[in-house]
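*Asks:* I would like to see how this sequence folds:
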Amino acid sequence: MKGELEKAQNKYSKACPVLRALEIIGGKWRLPIIWEISVSKSIRYNELKRSIPGITNIMLTRSLQALEEHGLIKRTEYNKIPPHVEYSLTNHCNDLLPALAIINEWGKRVWPEYEVKSKAK
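*Replies:* Coordinates of the predicted model:
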């Protein structure tokens, strides 16, 4: 019994690449943020906030900071008048997009009624 518990703990430790990836991209807002940036290629903070219904300024800011810390998005400051910031995906994050597209297609197949409802909004 003890050996099985140790095996399970080792199998799902921080060294597990799937768990590590989910730790970084998991949560309610990170994948929608990545998806919206991928559609726009480069997007300003307020545009991003408007494109994700229900996200608060605090959650958007925290999620953007975390994604930037993990090297998935790039924050570019423009010192023009008026100054502004734009967010874009890094190459690491672009590597994730095919997997997100597959998840998107899977979701459409499994829950087709959701796609219809979301289009009607």
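*Asks:* low-scoring stretches of this protein, by residue?
*Replies:* 1-14, 115-121 (pLDDT under 70).
*Asks:* switch to 50 and redo it
*Replies:* 119-121 (pLDDT under 50).
*Asks:* Do you have the strands of it handy? List them.
*Replies:* 42-44, 73-78, 84-89 (DSSP state E).
*Asks:* Need the residues that contact the shortest one.
*Replies:* Strand 42-44 has contacts (Cβ atoms under 8 Å, 6 or more residues apart in numbering) with 36-37, 51, 76, 84-88. Where C-beta positions appear, they are placed from N, C-alpha and C, glycine not excepted.
*Asks:* and it, which residues are buried?
*Replies:* residue 43 (16 or more other Cβ atoms under 10 Å).
*Asks:* Likewise for the last one?
*Replies:* Taking 16+ other Cβ under 10 Å as the neighbour-count basis, strand 84-89 is seen to contain the buried residues 86-89.
*Asks:* Next, the angle strand 73-78 makes with it.
*Replies:* 150 degrees (axes from the mean of the first three to the mean of the last three Cα atoms, to 10 degrees).
*Asks:* May I have strand 84-89 exported as PDB, CA atoms only?
*Replies:* What follows is strand 84-89, C-alpha atoms only, in PDB (Å, rounded to 0.1, in the frame of the first residue of the first chain):
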ATOM      1  CA  HIS A  84       0.600  52.300 -24.400                       C
ATOM      2  CA  VAL A  85       1.400  48.700 -23.900                       C
ATOM      3  CA  GLU A  86       0.700  45.800 -26.300                       C
ATOM      4  CA  TYR A  87       0.700  42.000 -25.600                       C
ATOM      5  CA  SER A  88       1.700  39.300 -28.100                       C
ATOM      6  CA  LEU A  89       2.500  35.600 -27.900                       C
END
